[in-house]
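Trainee: Structure of the sequence below:
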Amino acid sequence: MAIVLTATAASAQTPPAEGAVTRPEWVRKPSAQDIADVVGRTVNSYDRIPVGWAVMSCQVTAAGKLDACRVIVEAPDPGKIGKAALQLSSFFLLKPAMKDGQPIDGGDIVVPIVVAAPGFMPRPTYAPGRPSFILTPLTSQKPVSIRMPCPFDPDKAAVCEARDISWTDEPNLHETAPLILAAQQETGSSTAFCEFTAAGLLEKCRIEGKTSPAAVKVINQTLAQFKGPTLAGGGPLAAPAVVALVYDWKAMTKTARALVANDKRAP
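Mentor: Numbers count the residues shown, from 1 in each chain. Below you'll find the model as predicted:
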């Protein structure tokens, strides 16, 4: 099995007052063996390993531990991935938030967790631009996992292979949640097809799908925040390239609604 762990930047809950508050930073994440043990205990049988994703929100203590964690959204099977995520929270360690050079309690962090089984990597859709692909024209009939029409072919006759990519910088879940809710588009999906340039920018983007003007505005606002695309197997994505970023409005709205409600409950 495998797991993909990412987190949004933590936001300090303690007011800065007279000193600047630095944000927590990752020091340690669960090992492959930690993950195997926890998931194995969760399902009681390795023949029934769950695959999917969960988004967990936690507070960060002055000792750098995660505390008061709760799952705010998960898919596709509610209960299994979330239960494993909560058990994995004790394996995380962060450099805590600092104020005037001293560690402090405070700050919350959102930890999306993706659990994969051998031969299958679920594609999380909880955030803008997830999943993302690099598109390469197919020149043979070789088998590929995902095909789609090449977006910049005027006749849409060419077929492209879509391969997963990730980003070193992407939109912050907390910051985009109000924008997503304001778009009021809770169904359907949109795809932004863009050219990735040597300057590291997404340009000449074209948006496809049934999308309201407010949703288009959200897409354009978030596209500028994607930086440093990397291939699924590691290594930077060479420019120029054509990429596709998916916006699943149902999943994003569900996550955004949970995040906003979670923030309102925070002390």
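Trainee: can you tell me which residues contact the closest residue to residue 128 other than its chain neighbours?
Mentor: Once flanking residues are discounted, residue 128 sits nearest to residue 222: 4.3 Å by CB to CB, 6 or more residues apart in numbering. In this view, the C-beta of every residue, glycine as well, is placed from N, C-alpha and C. By CB atoms under 8 Å, 6 or more residues apart in numbering, the contact set of residue 222 is 128, 129, 171, 176, 179.
Trainee: now with 7 Å?
Mentor: 128, 129, 171, 176 (CB atoms under 7 Å, 6 or more residues apart in numbering).
Trainee: now for those, which pair is the farthest apart?
Mentor: Across the contacts of residue 222, the longest distance by CB to CB is 10.0 Å; it joins 129 and 176.
Trainee: can you give me the end-to-end distance of stretch 42-55?
Mentor: Using CA to CA, to the nearest Å, the end-to-end distance of stretch 42-55 comes out at 17 Å.
Trainee: before we move on, what SS does residue 125 have?
Mentor: Assigned by DSSP: H, G, I helix; E, B strand; the rest coil, the conformation of residue 125 is coil.
Trainee: Let me see the ranges of the helices in the stretch 101-250 of the chain.
Mentor: 173-183, 213-223, 249-265 (DSSP state H, counting those that start in this stretch).
Trainee: Which among these is found nearest to residue 123?
Mentor: helix 249-265 (10.5 Å).
Trainee: Doesn't residue 83 belong to a helix?
Mentor: Yes - if the criterion is three-state DSSP, then residue 83 is within a helix.
Trainee: correct me, but it touches residue 42?
Mentor: Yes - taking CB atoms under 7 Å as the definition, residue 83 is a contact partner of residue 42 at 5.3 Å.
Trainee: residues touching residue 216, list them.
Mentor: residue 207.
Trainee: what about 8 Å?
Mentor: Residue 216 neighbours (CB under 8 Å, 6+ apart): 190, 207.
Trainee: now swap in the one 4 residues further on and tell me
Mentor: Counting by CB under 8 Å, 6+ apart, residue 220 touches residue 205.
Trainee: Local confidence estimate at it?
Mentor: What the model reports as pLDDT for residue 220 is 95.
Trainee: Look up how far residue 158 lies from it.
Mentor: 26 Å (CB to CB, to the nearest Å).
Trainee: Same check on residue 141?
Mentor: 14 Å.
Trainee: neighbour count winner among the two?
Mentor: residue 158 (15 against 7; other CB atoms under 10 Å).
Trainee: so what pLDDT did that one get?
Mentor: Residue 158 is given a pLDDT of 83.
Trainee: The nearest residue to residue 157 once chain neighbours are set aside bridge partners, please.
Mentor: Distances taken as CB to CB, 6+ apart put residue 149 closest to residue 157, at 7.8 Å, once the chain neighbours are dropped. Beta bridges link residue 149 to residue 159 when assigned by DSSP bridges.
Trainee: Give me the neighbour count for residue 149.
Mentor: Quick note: residue 149 (other CB under 10 Å) scores 15 neighbours.
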